[in-house]
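S.K.: Only the shape, not the letters, is given here:
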RNA sequence: GCGGCUGUAGUUUAGUGGUAUGACAUGAGCUUCCCAAGCUUAUAACCCGGGUUCGAAUCCCGGCAGCCGCACCA
């Protein structure tokens, strides 16, 4: 039994994760979060909100999970997310149909399935595997987006969003105004995304419905330094730059090319493209460690140039080392340049550029052309608009001579000199219009949850018996405190229930358990990662003190009930030993 | 999607053409004990559908799911 099996087994037994629809046999690619899983997920998302929304000031928005076709035409998902497949009937190998006809047409990926099939037959394409001709079946197109229809009549196509990002790009104009028309600003969204994976076989690592937490940070393309860079420049991360990757598809491999560098070094040595990206690598690192990922089993892998989307400047994946799947991507952090906004501007025919004001306005000399449209209009009729545009584009040397020549639809058209006046004017230019660049950290929450479970899971020998422990950080542990009467007797149960109630009123998430022996209950709580247990025993009845047991060390301290809530809250924030050292009675 | 293997309580496991064994877990009780102790007892399963048969969990077919390989993997 490998670690993945142990963790998924534990997660199922203890109510973290269940395969969805199991009552009806289940379907691959869908998981339910049970009571503990949903709590863990909520806590991890809340930490993400604390860091990105509150500390960075990237407000959270919420956009529909269904998008209209136009959005995904602009984003490229309707084309780029679809792969035409074909199967050889002789050897049963399947191939990308567009790859088979790559040498025959310029843009095979733009062709419909029927056309690709026709070309394959016409050119007698051989099966690359077995060499057979005429063995290919029909080309089947498979788009990874779930398709649906909007409204009655079923004619309007909608798609379940394959990422949360597009909703934020589409709202760019509103957001820019909301942030009082200043760059940089960021916006976030935590929500479901959907990809109809062909064969999702890796449990919670590859889901058809999954949760993303994404930030889109819109920045001035000429200003990629980060104002808070000096605060993080000494942080050391494990980098795995593209130039160090010796295998062609290194996603799950490790060839030892990881280097540890300070963030300052990484930027100075041009390993990371710029400060802004580097800052977000660090922020990602801090988040992942805080939710329970082992920094020693984490790296930042740079995309190879051919792997990176063509528009991106630089792209890094935070990857975690897992027992079964090797290195797995859990966060992608990319400089997407102006690709997304430009593409939406083009498709929507809206100007999504913003004015970047100069510190001091520039004086610019310009030729102002003033054609006499009262004459030109009736003279050129339908072409008058083109004439006007052409005239306005002329420089002084074109206007100076006796005759003015312009080009309309490939023809040279002379314009009478006296119809066009011009003068040189001095204009004040206040700034420059640019399409903002986008820095996008994109988190796969489900994978992060799995990684946090795997990295915090351990089996420890205690007096010859295995103890299963989830060493989750207290801040993310689903149950924060277990309240346990030492024995199942009424005189201990009554005060225990009262203590549990008081803790709940103080905002601590508490479970109460009086079944079985105390040892069994400690182990149960160890397995689900409960960091602290409060035990009520016979001393409690005499002196109003209880013990707090630490999950990781199994050490206990004794303290008055009155200090309990405050101490536990401090422990959840800062750990057991800090708070424990203020109490002597460790046993 | 293709090929191979597999499918028995929550988990694990025995078994076979006549409705199912044990363990762990869980509930109740005893024990009154600070790290999965013990005892009693209870709950609980043959993936789904169809066929063959007097009778199918067992044999056959189909589906679904899981594992492995191929392909795919923003």
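M.R.: That came in fine, so what should we check first? Only a predicted model underlies this, so the values are computations on that prediction, with no experimental measurement involved.
S.K.: In a helix, residue A:439, correct?
M.R.: No: inclusion of residue A:439 in a helix is not indicated when DSSP: H, G, I helix; E, B strand; the rest coil is applied; the result is strand.
S.K.: Next, count neighbours for it.
M.R.: Residue A:439 sits with 26 neighbouring residues when counted by other C-beta atoms under 10 Å. Glycine gets a C-beta too; all of them are placed from N, C-alpha and C.
S.K.: give me the beta-bridge partners of it?
M.R.: Per DSSP bridges, the residues bridged to residue A:439 are residue A:217, residue A:335.
S.K.: Could you tell me the model confidence score at it?
M.R.: Reported pLDDT at residue A:439 in the predicted model: 95.
S.K.: so it touches residue A:214, yeah?
M.R.: No: under the contact definition of C-beta atoms under 8 Å, residue A:439 does not touch residue A:214, with a separation of 11.2 Å.
S.K.: all strands for the stretch 1-150 of chain A, in order.
M.R.: Under the criterion DSSP state E, counting those that start in this stretch, strands of the stretch 1-150 of chain A are mapped to A:17-19, A:31-33, A:59-60, A:66-68, A:82-87, A:94-96, A:140-143, A:147-150.
S.K.: Can you list the strands that the shortest one pairs with?
M.R.: In other words, strand A:59-60. Strand A:59-60 has the following sheet partners, assigned by DSSP bridges: strand A:185-194 (parallel).
S.K.: buried set for the partner strand?
M.R.: When burial is assessed from 16 or more other C-beta atoms under 10 Å, strand A:185-194 yields the following buried residues: A:185, A:186, A:187, A:188, A:189, A:190, A:191, A:193, A:194.
S.K.: Can you give me the distance of the fourth one to RNA strand B?
M.R.: Right, residue A:188. Between residue A:188 and RNA strand B the distance, using C-beta to the nearest atom of the strand, to the nearest Å, works out to 17 Å.
S.K.: Bridging across strands, which residues link to that residue?
M.R.: Under the criterion DSSP bridges, residue A:188 forms beta bridges with residue A:60, residue A:215.
S.K.: Thought residue A:63 was touching it, still the case?
M.R.: No: no contact is recorded between residue A:188 and residue A:63 when judged using C-beta under 8 Å, the distance being 11.5 Å.
S.K.: Can you work out which residues contact both of these two?
M.R.: Common neighbours of residue A:188 and residue A:63, counting by C-beta atoms under 8 Å, 6 or more residues apart in numbering, are residue A:168.
S.K.: I'd assumed residue A:311 was in a helix, is it?
M.R.: No: inclusion of residue A:311 in a helix is not indicated when three-state DSSP is applied; the result is coil.
S.K.: That one - nearest residue in space that isn't next to it in sequence?
M.R.: Closest residue in space to residue A:311, ignoring its immediate chain neighbours: residue A:339 at 3.7 Å, by C-beta to C-beta, 6 or more residues apart in numbering.
S.K.: where's that neighbour relative to RNA strand B, distance?
M.R.: 11 Å.
S.K.: mind listing what that residue touches?
M.R.: For residue A:339, the set of contacting residues under the criterion of C-beta under 8 Å, 6+ apart consists of A:309, A:311, A:312, A:438.
S.K.: quick one: which of these is nearest to RNA strand B?
M.R.: Within the contacts of residue A:339, the smallest distance to RNA strand B is 6.0 Å, found for residue A:309 (C-beta to the nearest atom of the strand).
S.K.: which residues touch the closest residue to residue A:8 other than its chain neighbours?
M.R.: Counting by C-beta to C-beta, 6+ apart, residue A:203 is the residue found nearest to residue A:8 once chain neighbours are left out, at 5.9 Å. With contacts defined as C-beta under 8 Å, 6+ apart, the neighbours of residue A:203 are A:4, A:8, A:31, A:450.
S.K.: Give me the pLDDT for residue A:203.
M.R.: Listed pLDDT for residue A:203 reads 78.
S.K.: Quick check: closest non-adjacent residue to whichever residue of the stretch 201-350 of chain A sits closest to RNA strand B.
M.R.: Of all residues in the stretch 201-350 of chain A, residue A:201 sits closest to RNA strand B, at 4.2 Å by C-beta to the nearest atom of the strand. The shortest distance from residue A:201 to any residue other than its chain neighbours is 6.9 Å, reached at residue A:28 (C-beta to C-beta, 6+ apart).
S.K.: Return the residues of the stretch 301-450 of chain A in contact with RNA strand B.
M.R.: Taking C-beta under 7 Å from any atom of the strand as the criterion, the stretch 301-450 of chain A approaches RNA strand B at residues A:309, A:324, A:329, A:332, A:442, A:444.
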